[in-house]
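Asker: Okay, sequence plus prediction incoming.
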Amino acid sequence: MIKFFLMVNKQGQTRLSKYYEHLEINKRTLLETEVIKSCLSRSNEQCSFIEYKDFKLIYRQYAALFIVVGVDDTENEMAIYEFIHNFVEVLDEYFSRVIMFNLDKVHIILDEMVLNGCIVETNRARILAPLLILDKMSES
Amino acid sequence: MSQRKTFSQSKNSSGYKDLTGSFVTILKQVVGGKLPVDFSYHSVPAPWLQIQLLRILGLLGKDDQRTSELMYDVLDESLRRAELNHNVTYAILFECVHTVYSIYPKSELLEKAAKCIGKFVLSPKINLKYLGLKALTYVIQQDPSLALQHQMTIIECLDHPDPIMKRETLELLYRITNAQNITVIVQKMLEYLHQSKEEYIIVNLVGKIAELAEKFAPDNAWFIQTMNAVFSVGGDVMHPDIPNNFLRLLAEGFDDETEDQQLRLYAVKSYLTLLDVENVFYPQRFLQVMSWVLGEYSCLVDKETPDAVITKLYKLLMNNSISSETKVWLIAAVTKLTPQAHSSNIVERLIQEFTISLDTCMRQHAFELKYLHENMECMKRVLPVNKSCEDMVVDASLSFLDGFVAEGLNQGAAPYKPHHQRQEEKLSQEKVLNFEPYGLSFSASGFTGRQSPAGISLGSDVSGNSAETGLKETNSLKLEGIKKLWGKEGYLPKKESAIGDEAEAQPIPQESVIMENVDQAITKKDQPQAHMQSKEEKEKQLLASSLFVGLGSESTVNLLGKADTVSHKFRRKSKVKEIIKSGETTSTHNMTCSSFSSLSNAAYEEDYYLDTSQDRGDKGLKKFSLNSELLDSELFTALPMVKKPSNCSMSAPSLFADNNLEIFYPFPSTPAPAAKEISVASSLSEEPTEHMHSDLMEVCSNETISVLSYKIWKDDCLLMVWSVANKSHSELKSANLEIAPAENFKITEQPECCLPVMEAESMKNFQHSVQMEEPFTEGTVSGFVNYEMIDSHSAQLEFSVTVSLLDFIRPLKISTEDFGKLWLSFANDVKQNIKMSESQAALPSALKTLQQKLRLHIVDIIGNEGLLACQLLPSVPCLLHFRVHADVLALWFRSSCSTLPDYVLYQCQKVMEGS
């Protein structure tokens, strides 16, 4: 099960966070700093999976952006690793360039893909369908 | 087919078995590329869906041959198709391997999966290597020889610069640890431990080291030093069980007394040298362990007089950095040493200083020491030398208070009610209307109220033991040591029993093949490049040979019948085994079956158990009783899977062989008498069942079929047999009987439940084994039969049967001594007095009623007191002590389950009233 989904920049600022298990707000900040610290300190040759407390972190770096996913130990790490890439491909298809000013839409996309900690949709066309309808409505 | 098909399937997969076929079809379609192209990710069709499906199949096929067989094809295809060199295909492969090793094994698939693991492990990409190690760690539990194939890679990963890889490798090594490679593995673990700073890792690793050290320690010095390292690194974050178990191990010792003394001596010496080092800070827990050991065993060291030890402890006591809890341990140690000391200067100084301490706890201990110091006689009685593990006699039932209680009751005090009962009463008072079914009623007439039977001195009758003493193991299944049921060759125990004598000879060559492989692997590498090898590589190979030693070879030793000679150094006395709780990682059961090195050995031992337990079971069936030893009854429950196939055939319903025929006759609406005869004849064939069973009872019927049912009270479950009789003259198509899942029950379908066609005037049997999940008084099992007539009109017929608690109560055969131990260990008790009618106001008749109606086992009869025991399936024991006094029967129940006594009491009342 996916426990949380984070998007962090290289300076360690959280851009997007989504939790699928309840965690108090102050504990979230603490967790995020620790998670980012452990991801930033790793080099390219090192493994993209980190064991952190009783769960696992899977991270992937895209230029200055880190995407970190926390999962429990029943999850297939490589599947999540590729899922991150799938997510980025979807973002890439929808936003031609800057995404940081459209965080609400990133949330919508993520909600289409992950539900209650489970991967529910990976088909790009279907993920974007509701978003495109929304866009059409706001245009007209 | 929607991709939104996600299943949050629970661990309990038995209810979903019928979906296996559809999952397999879906997976086949996905793998075969039947999905639209936009579902593909990097030209792999819906990879996450595949992974999800594979995981579900793994859950469904676990330990289930029939279901597993359905999925072999599609798994094979998945393995074959996933050849594209992309990350996501590796994710699918990993899941495939996981599934193949989870389900009922098929050798071809296992081979292919093992090859796949090679792809991962040998990959230069670090992420894949990590996955490979993870897969290997999982697979290795079933097939240790795979570790040998990849030993060099494992060694490389052990020295990997990435700590994550190292940790995963250590996890793998932890699973293959045995008596021969323990020193190397623990050394590697300690190295890692010294580098890591994260608390979670430390706690985890320290626990593992301590567990391994207890299990496989090669000698005293190594053991003590390893534990010293564990204590000083693990410090105050480690699990409190570790120091506790260590101290218990020291105190209780092993089979050999001189060996014990040497271990203790070594511990004392090593602690004294540790304390001599100046300016070193030890964790509090470590100091506590030291102070206990020094207090108990300093006297074993001749030259070191207790005075010197006291001086050292005094110095520690004066240290400000030590917590007050540790100080209490220290002062306790000083107290123990005081009678052995020659001069008492320091002790007096200590008393002086701490009797005015601000810490009340310390002050109390100081005063105690002062009193004992002045009164040496008392001191020797209170603190005998080296008797730490002698049993203290504790009367847990507090029988010495019975007089006091009786007096209080006479003066009109309210009788004591246990907590749960008070709560129940409170609840029932709050309600205006009682909506509860007539489950529990304690206000029924004929009872003189709860009262402590004064003068019962059971606690002192039986061999007293501390309250902790108890077979708590019975509460949970023991799964250690039962691992190797499924092997590469299939289902091991079953297979062996089938092959019989040959089986013993067969595994030996296999093991030796593995051994040869090792040798070859090493020698092959050695021969051609012997001179080209750098020193480094040689070192690595040396390490490999020390790490993987004993993986293949030891089992051959075991097979030669020397299973006991490989016993571990720190095998505790049998007495201890009873005390230790199961389920803990450090449990003694782990110690007796070395987790991995002698896996095959474990399988054979198990066979032995299995055979004997079955033998006994067979005998037991006739008498309708369980084994006399609790341990064995545990085995019964632990191996239901093994037993069932054999039992099914044995208890095949053929009740009509005996006098139940008469009951079968009065068919209310049977059109033709011929039908009966046929059906009776058809069911006459099998051998008669040896279990106790209920009478045949018709649960529902119409003009075409009728359903009859009876219960078989098997030793390990309640078996409900349904006989569906076709009364019509035409055959029925797809007749099927299904039982609805019910709360409280776990209903498992026995094989051969589905039959496509049912001939005219014939009879078919269905079986369901029922287990109860929580105690209750009465429940219903309901279900329906549906069938299709030849003229294709289908119909359904519903029925239900009541099942009561009594159906799940079985006698518990234990000795009086065991009874006493169990009695003291149970916390939940219920007392009740029942008035009896004239006719049964004697012990024998009351006993007989209880034995016959409730199936209680009579443990012992002492005068006018009786001891009875029963258990609720699968294995919740309930004990009953009762006393007959005039026409009053004083019942006293105890059990490990809080609600069970009440329910059994209720049944007793019913029985005693009814008779």
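Answerer: Okay, I see it.
Asker: Quick check, the residue in chain A closest to chain B?
Answerer: Nearest residue of chain A to chain B, counting by Cβ to the nearest Cβ: A:M78, 3.6 Å away. To be clear about C-beta, it is placed using only N, CA and C from the backbone, and glycine gets the same treatment.
Asker: what's the burial count for that residue?
Answerer: Neighbours of A:M78 under the rule other Cβ atoms under 10 Å in any protein chain shown: 28.
Asker: What does the pLDDT read for it?
Answerer: You'll see A:M78 listed with a pLDDT of 91.
Asker: Just to be sure, it is in a helix?
Answerer: Yes - assessed with DSSP: H, G, I helix; E, B strand; the rest coil, A:M78 lies in a helix.
Asker: surely it meets B:F94?
Answerer: Yes - shown here, A:M78 and B:F94 form a contact pair, counting by Cβ atoms under 8 Å, at 6.2 Å.
Asker: what residues does stretch B:849-861 touch?
Answerer: B:624-625, B:713, B:806, B:809-816, B:819, B:840, B:843, B:847, B:866-870, B:880, B:904, B:907-908, B:911-912, B:915 (Cβ atoms under 8 Å, 6 or more residues apart in numbering or on different chains).
Asker: what subset of those residues is also close to chain A?
Answerer: The subset of the contacts of stretch B:849-861 within reach of chain A, counting by Cβ under 8 Å from any Cβ of the partner chain, is empty.
Asker: mind checking pLDDT for residue 105?
Answerer: Chain wasn't specified; assuming chain A. For A:K105, pLDDT reads 88.
Asker: meant chain B actually
Answerer: 87.
Asker: what's the spacing between it and chain A?
Answerer: 21 Å (Cβ to the nearest Cβ, to the nearest Å).
Asker: Pick out the residue nearest the middle of chain A.
Answerer: For chain A, A:F5 is the residue whose C-alpha lies nearest the centre (Cα atoms, centre = their mean; 4.2 Å).
Asker: is it true that that residue touches A:D111?
Answerer: No - in this structure, A:F5 is not within contact of A:D111 by Cβ under 8 Å, at 10.5 Å.
Asker: Any stretches of the stretch 701-850 of chain B with poor pLDDT?
Answerer: B:750-760, B:790-792, B:837-842 (pLDDT under 70).
Asker: Now it against chain A: closest residue?
Answerer: For the stretch 701-850 of chain B, Cβ to the nearest Cβ, closest residue to chain A: B:K746, 23.6 Å.
Asker: ok but that residue is inside a strand, no?
Answerer: Yes - read with three-state DSSP, B:K746 is one of the residues of a strand.
Asker: nearest spatial neighbour of it, skipping sequence neighbours?
Answerer: B:Q771 (4.2 Å; Cβ to Cβ, 6 or more residues apart in numbering or on different chains).
Asker: mind listing the helices for chain A?
Answerer: For chain A, the helices defined by DSSP state H cover A:25-40, A:77-94, A:103-113, A:124-139.
Asker: Next, the angle from the shortest one to helix A:77-94.
Answerer: With axes from the mean of the first three to the mean of the last three Cα atoms, to 10 degrees applied, the angle from helix A:103-113 to helix A:77-94 works out at 130 degrees.
Asker: Now helix A:103-113 - C-alpha only, PDB.
Answerer: Taking C-alpha atoms only, helix A:103-113 is exported to PDB below (Å, rounded to 0.1, in the frame of the first residue of the first chain):
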ATOM      1  CA  LEU A 103      -0.900  22.300  -8.500                       C
ATOM      2  CA  ASP A 104      -4.600  21.800  -8.200                       C
ATOM      3  CA  LYS A 105      -4.500  19.900 -11.500                       C
ATOM      4  CA  VAL A 106      -1.600  17.800 -10.400                       C
ATOM      5  CA  HIS A 107      -3.800  16.800  -7.500                       C
ATOM      6  CA  ILE A 108      -6.600  15.900  -9.800                       C
ATOM      7  CA  ILE A 109      -4.300  13.700 -11.800                       C
ATOM      8  CA  LEU A 110      -2.800  12.000  -8.800                       C
ATOM      9  CA  ASP A 111      -6.300  11.300  -7.400                       C
ATOM     10  CA  GLU A 112      -7.200   9.700 -10.700                       C
ATOM     11  CA  MET A 113      -4.200   7.400 -10.400                       C
END
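Asker: Could you pull out the buried residues of it?
Answerer: A:105-106, A:108-110, A:112-113 (16 or more other Cβ atoms under 10 Å in any protein chain shown).
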